[in-house]
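**Q** Okay, predicted coordinates and the sequence, questions at the end:
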Amino acid sequence: MKFRTLLLIVVFIVGTYALQAQKYAVKPVPFNKVKINDNFWAPRLEAHAHTTLETCITQTQDSTERINNFAKAAGVMEGKHEGIYFDDSDVYKAMEGIAYSLINNPNKKNEALLDKWIGLIAKAQQPDGYLNTFYTLNHPTERWTDMEKHEMYCGGHMIEAAVAHHKATGKTSFLDVATKFADYLGTEFGPGKKHWVAGHEEIELALVKLYHETGNKNYLDLSYWILEERGHGHGRGEIWDKQHWGAAYCQDDVPVSEISEIKGHAVRAMYLFTGMADVAAEKDLPDYVAALERVWDDVVNRNMYITGGIGSSGSNEGFSEDYDLPNKTAYCETCASIGMVLWNNRMNLFSNDAKYVNVMERAMYNGVLSGVSLDGDLFYYVNPLESDGDHHRQRWFGCACCPSNISRFVPSVGNYIYLAGENELFVNLYIGNTAEIELGATKLELSQKTAYPWDGEIEVSIDPETPAEFAVNLRIPGWCKTFGLSVNGSEMTAKQSDKGYVVVNRKWKKGDKISLNLDMPVEVVAAHPKVTENTGKRAVQRGPVVFCLEQTDQKSIDFDAVAINSDSTFKIKKASGKLKGMTQIESTSGTEKLIFSPYFSWNNREPGKMKVWVNYNE
Ligand code: FUB
Ligand code: ZN
């Protein structure tokens, strides 16, 4: 197979129209309506349900003090808070993951465990609604004195977990804790009350989720107020005192509607932008939307790796200079890639533009998935694109934000597949599943069959309860240049819209089937010329999956000297052993053969060197 050369992977075309700040006209079909049953994600969900969650439960409950901190704050155990001041958030993120996983993998034991932990959390909550075990146990009189200390961040993760629990089980026990906390926040903060810059964003998007779940508009208004506090000199505490951090580290250097350039800590920025988009969608804030578009351009076109990873620098866990994208020392925190998924999902909700899903998908299949081992038991915090063989996933970390984030991301993947409007459906991701969807008054069952991301053939079955007319928008991924489409066996000459979808608008009836065939050639990709790290190098990608070379696949070759060239040919092959079910790519350059494996799967076999960007001879 001859390869196709793509240039400038960090550059995506920016649309020429302005996004509208308006209520999302379409809504995601939530995870509890989507059952994943394919050969790619379903095994990941199983590994998550049986292994990742077990790890999170053991680590939070038995091996560390995280659950004990709640028991102590609840008064059922003696002692002080132990661990990092934001350790509560890992418990909440694990709980969010458990709640999501109950949909695809119902589990009475885990549901009962949630009930038990919720009981402790409710007891640890102070009578006025405040909830944070670090301050309650160690510094009860110092609440809200240092804006870095993650009180709102922990509260935000609690709210997200409570909403997930409510959606998954219908129970209100956790949601009650969340609303009590949010109501308390409203008594302390807001117009005419205490100023506050949330040193680590998260509360903003969480309050909007709580608004959606409860209908209480106070939560939306509070989220907006918190966003508007930024950039006016209100910041106080460790972040602002540290010379090498300062306001920009937590996106407090300018008011949010003036943001143009990406700066500071990557995860904080992603959560901020997600929250801004959510609030802008509800409140009609064109300045927010314009700021998000500007900064999206800066992130994606000048500061993103081919893996969708962001935040190249370890010293601030964030961004440095434009085009500064080193491979070996790339920080690319797993949480930051998850943040890219969240933010790009919101941008697509605004715009129904597939370019955002292209970025979301890139982050999902590469930067996020590399963060967890295939067995679901080991995690990366940092995701470099090159290694000397000494970077390995770990069971847990002192700062465990990434494992607990993986634990809530993997089972929530069902949230990102479909968007539903009054009379239109968007199919954003190709993942085998069955779903129950409502488009206005029309109820339908939908199923997808596909071997994506290893193959571009997709069959979508559409079964409305009664015949109904609506538009089905199928995303044509950015990497796909040619495709075929048929409905009930009849070929269609559908054109891709300028927003990257093909639209099939007709009266649908039970048994209707769409077949979409996305051509998925091997692509050899060059970086932007300003990324000097990758001068004279190329990367290999097929479909949404970025590939890498691992030493274990080319033991008899001098790994440091390998190269491909303009005459190299590529063929795909079925992987075996640990990578069974996946696709590998074999390149032939003269007499030298190389095997490329999916980047996300690296270091799941024999440890060794790895590289994504490979020397290239013209
Ligand atoms: O501060 C909470 C989380 O810990 C951040 O999002 C990560 O970058 C790590 O520092
Ligand atoms: Zn993290």
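**A** Good, I have the coordinates. Ligands and ions are numbered 1, 2, ... in the order given.
**Q** So residue 224, which state does it fall into?
**A** helix (DSSP: H, G, I helix; E, B strand; the rest coil).
**Q** Run a quick neighbour tally on it.
**A** Look at residue 224: counted by other Cβ atoms under 10 Å, it has 21 neighbours. In short, each C-beta sits where N, CA and C put it, glycine included.
**Q** and the protein, which residues reach ligand 2?
**A** 333, 335, 401, 402 (Cβ under 5 Å from the ion).
**Q** contacting residues for the second one?
**A** In this case it means residue 335. By Cβ atoms under 8 Å, 6 or more residues apart in numbering, residue 335 lies in contact with 267, 401, 402, 405.
**Q** Could I get the phi/psi values of residue 547?
**A** Main-chain torsions, residue 547, degrees, to the nearest 10: phi -110, psi 160.
**Q** and the residues of the chain next to ligand 2 as JSON lines, adding distance to residue 207 and secondary structure?
**A** Converted to JSON lines, these look like this (distance: Cβ to Cβ, whole Å; DSSP: H, G, I helix; E, B strand; the rest coil):
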{"residue": "333", "distance to residue 207": "24", "secondary structure": "coil"}
{"residue": "335", "distance to residue 207": "20", "secondary structure": "helix"}
{"residue": "401", "distance to residue 207": "20", "secondary structure": "helix"}
{"residue": "402", "distance to residue 207": "24", "secondary structure": "helix"}
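**Q** ok, these vs ligand 1, which is closest?
**A** Nearest to ligand 1 among the residues of the chain next to ligand 2 is residue 401, at 3.9 Å by Cβ to the nearest ligand atom.
**Q** Touching, that closest one and residue 92? I think so.
**A** No - between residue 401 and residue 92 there is no contact under Cβ atoms under 8 Å: 11.4 Å.
**Q** neighbour-wise, which of the two wins?
**A** More neighbours surround residue 92 than the other of residue 401 and residue 92, with 26 against 23 (other Cβ under 10 Å).
**Q** Could you tell me the average pLDDT over the host helix or strand of the more buried one, please?
**A** Using DSSP states H and E, residue 92 maps to helix 88-104. The average pLDDT for helix 88-104 rounds to 94.
**Q** Write out the residues of the stretch 1-150 of the chain neighbouring ligand 1.
**A** By Cβ under 6 Å from any ligand atom, the residues of the stretch 1-150 of the chain that approach ligand 1 are residue 86.
**Q** same thing with the chain?
**A** 86, 200, 267, 317, 333, 335, 399, 401.
**Q** one more time with 8 Å, if that's ok
**A** Contact residues (Cβ under 8 Å from any ligand atom) of the chain with ligand 1: 86, 89, 150, 153, 200, 265-268, 271, 317, 333, 335-336, 399, 401-402.
**Q** For residue 460, see how far away residue 449 is.
**A** 8 Å (Cβ to Cβ, to the nearest Å).
**Q** element containing the residue nearest the centre of the chain?
**A** Per Cα atoms, centre = their mean, the C-alpha nearest to the average position across the chain is that of residue 338, at 2.7 Å. Residue 338 is part of helix 334-351, with elements assigned from DSSP H and E.
**Q** Downstream of that helix, the next helix or strand is which one?
**A** helix 354-362.
**Q** quick one: that next one to helix 334-351, angle?
**A** Taking axes from the mean of the first three to the mean of the last three Cα atoms, to 10 degrees, helix 354-362 and helix 334-351 form an angle of 160 degrees between their directions.
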